[in-house]
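>>> what would the 3D arrangement of this be:
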Amino acid sequence: MKVRIAWAASLMFTGLAIAGSMPVAYNNLSPGGRTALDQKAHDALDSQYNIIDFDLAKHHYTSPHPVAGSMPHAPENADGTQLHGYVMLAYVVTTDGRAASPTIVKCTAPKLCDLAIEATRGWRFEAATLDGKTVSTIALQEFNF
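Numbers count the residues shown, from 1 in each chain. Now for the predicted structure:
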């Protein structure tokens, strides 16, 4: 599979709901605390998930593994030259292996944002586990066009 997962400090989330509210999200902190990438994931997904930071040293985690999908090809400008740019996307790898809730963190061109989000629709993963339970996981993916 051509998908290169850029894990942000192994950000992890469960799909459990608290009293009918947002799903609970567990974020693995790097030694030393929350990193800039952790904060980007929080900023992108706090409105959709109740994120709880935790220390991986106290838990057993197995990351999800990509099994299907690919990265998008760079589009062309009207003159036939390649459109260059950058996208950072946060998304959730669900317990059933889908890439869900794609959220743009940074993007240099709207056309590239659309391509990055569209690419996630075909991505499939073997789900992550946390302390022996299947969990949803947040990932950050960078696209360099």
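>>> contacting residues around stretch 69-80?
Where contact means Cβ atoms under 8 Å, 6 or more residues apart in numbering, the residues beyond stretch 69-80 that reach it are 1-4, 82-84, 99, 111-112, 115-116, 118-120, 122-124, 143, 145. From N, CA and C alone the C-beta is placed, and that goes for glycine too.
>>> for the record, mean pLDDT for that stretch?
Across stretch 69-80, the average pLDDT comes to 93.
>>> CA atoms only for that stretch, dumped as PDB, please.
Taking C-alpha atoms only, stretch 69-80 is exported to PDB below (Å, rounded to 0.1, in the frame of the first residue of the first chain):
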ATOM      1  CA  GLY A  69      -5.700   2.700  -0.700                       C
ATOM      2  CA  SER A  70      -3.200   5.000  -2.300                       C
ATOM      3  CA  MET A  71      -2.000   8.600  -2.300                       C
ATOM      4  CA  PRO A  72      -3.500  11.000  -4.800                       C
ATOM      5  CA  HIS A  73      -1.600  12.100  -7.900                       C
ATOM      6  CA  ALA A  74      -0.600  15.800  -8.300                       C
ATOM      7  CA  PRO A  75      -3.100  17.600 -10.500                       C
ATOM      8  CA  GLU A  76      -2.200  19.900 -13.400                       C
ATOM      9  CA  ASN A  77      -2.700  23.600 -13.800                       C
ATOM     10  CA  ALA A  78      -4.500  25.000 -16.800                       C
ATOM     11  CA  ASP A  79      -1.200  25.300 -18.600                       C
ATOM     12  CA  GLY A  80      -0.400  21.600 -18.100                       C
END
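>>> buried set for it?
Gly69, Met71, Pro72 (16 or more other Cβ atoms under 10 Å).
>>> among those residues, which are in strands?
Judged by DSSP state E, the buried residues of stretch 69-80 include no members of strands.
>>> from those residues, which single one is nearest Leu37?
If you rank those by distance to Leu37 using Cβ to Cβ, Met71 comes first, at 19.5 Å.
>>> tell me how far that closest one lies from Lys133.
In this view, Met71 and Lys133 are 30 Å apart by Cβ to Cβ, to the nearest Å.
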